[in-house]
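*Asks:* Predicted model, plus sequence, below.
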Amino acid sequence: MVNIDTSENTLTYRVEARDAGRKIQDILQHRLHLSRIFIRELKAHAGIFRNNAPVFANQRAESGDILSIRWQNAQQDIEPRPLPLSIVYEDPDILVLDKQWGILSHPVKTSPEATIANAVLFHWRSTGAKASFHPVTRLDRNTSGLMLIAKNKWAHQQLSEQSMRHQIHKEYIALVYGHLTSAAGTIDAPIARTPGSIITRRVAGDGQKAVTRFRVTAEYKDASLLSLVLETGRTHQIRVHLAYIGHPVIGDTLYGEQTGLTPRQALHAAEIAFFHPRTKERLALNAPLPADMRQLISLLTK
């Protein structure tokens, strides 16, 4: 049985008879699903214990042994700031927000304080939560919707593994220019960084595999409403893919054009589903379409 105390950054596990004689590292990796990188970090900080005594990961465990790991919080130079947050779900391991558009997910040199990270740390300081900021899913500044954040290293590692195995379901809603030739389909086109740019991306044969599934849910005079599911998570993937097929997101000035219909790209992260790192139960959450996109739909239907 696994017992997790995130307030103390510890996890304990009683070794079962079937694992008697097995190396501790193997148990951590295959029973507790810890990544090799996480285990390597635990080794470096002497964070692996057997029956409350430090132990080397290549030693063998016996039935009934109590294995425990103790991790250190990441050092984060992020200043808490009282900014508005729309919290959809929170527990000791994770936080899910409905991010408003116009705010960065994480501090950068040009915006070190007015970000989701600053707001989240202020929220945790106000509530007395012992947590550190580990974004699992990120959203562009001008994309709204659900953002998944882990509150400790262990939860982040568990969720990152799910992301790598494509077990985190993410569904977006977008308003795009024009009418698509198919009511549903898949865009399978590799994405690479645009030469000479640190921001923009493009479809390129030597890029990373990128797959987006789309479904048309409504059509207007010169626009369409799409539901999109990501099978991969490349930077700007939806925006690049939709521009590539000739239907850029309305308001996306980076991959399309600004027509004055909306001040930001009409893209919203509407649904997310994943296995909770502690309970292993499937958790599905959604965020309604924000007011500005509803207003844009009203404008397009006139």
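*Replies:* Arrived safely.

*Asks:* which residues sit in contact with the residue positioned nearest the centre of the chain?
*Replies:* In the chain, the C-alpha nearest the mean C-alpha coordinate belongs to residue 137, at 1.5 Å (CA atoms, centre = their mean). For residue 137, the contacting residues are 146, 147, 148, 163, 168, 170, 233, 269, 272, by CB atoms under 8 Å, 6 or more residues apart in numbering. For every residue, glycine as well, the C-beta is placed using N, CA and C.

*Asks:* Quick check on it: phi, psi?
*Replies:* Reported as degrees, to the nearest 10, the phi and psi values for residue 137 are phi -120, psi 140.

*Asks:* Return the subset of the contacts of residue 137 lying in strands.
*Replies:* The strands, defined by DSSP state E, take in 146, 147, 148, 170, 269, 272 from those.

*Asks:* Nearest spatial neighbour of residue 120, chain-adjacent residues omitted?
*Replies:* Excluding the flanking residues, the one nearest residue 120 by CB to CB, 6 or more residues apart in numbering is residue 133, at 5.7 Å.

*Asks:* Then residue 278?
*Replies:* Spatially, and ignoring its direct neighbours in sequence, residue 278 is nearest to residue 93 (5.4 Å; CB to CB, 6+ apart).

*Asks:* Hmm, that neighbour is touching residue 279, no?
*Replies:* No: using CB atoms under 8 Å, residue 93 is not in contact with residue 279, being 9.2 Å away.

*Asks:* Neighbour count: the two, which is higher?
*Replies:* Between residue 93 and residue 279, counting by other CB atoms under 10 Å, residue 93 is the more crowded of the two (20 against 10).

*Asks:* can you tell me which residues contact that one?
*Replies:* Counted by CB under 8 Å, 6+ apart, residue 93 has contacts 4, 6, 150, 151, 152, 155, 276, 277, 278.

*Asks:* How about the contacts made by residue 119?
*Replies:* With CB under 8 Å, 6+ apart, residue 119 has these contacts: 81, 82, 83, 84, 85.

*Asks:* Please render those as CSV that adds pLDDT, neighbour count and distance to residue 299 to the earlier fields.
*Replies:* Output for those, formatted as CSV (pLDDT from 0 to 100; neighbours: other CB atoms under 10 Å; distance: CB to CB, whole Å):
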residue, pLDDT, neighbour count, distance to residue 299
81, 94, 16, 34
82, 94, 11, 34
83, 94, 16, 29
84, 94, 7, 26
85, 96, 16, 29
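
*Asks:* Reformat the residues you listed into JSON lines and put secondary structure next to each item.
*Replies:* Shown next, in JSON lines, are these (DSSP: H, G, I helix; E, B strand; the rest coil):
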{"residue": "81", "secondary structure": "coil"}
{"residue": "82", "secondary structure": "coil"}
{"residue": "83", "secondary structure": "coil"}
{"residue": "84", "secondary structure": "coil"}
{"residue": "85", "secondary structure": "coil"}
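
*Asks:* now for the ones in strands among the contacts of residue 137, which pair is the farthest apart?
*Replies:* Comparing every pair within the ones in strands among the contacts of residue 137 by CB to CB identifies 147 and 170 as the most remote, at 10.4 Å.

*Asks:* where's the lowest-mean-pLDDT helix or strand in the chain relative to the chain centroid, distance-wise?
*Replies:* Within the chain, no helix or strand scores below strand 2-5, which has a mean of 80 by mean pLDDT, DSSP states H and E. Offset of strand 2-5 from its chain centre (CA atoms, centre = their mean, to the nearest Å): 23 Å.
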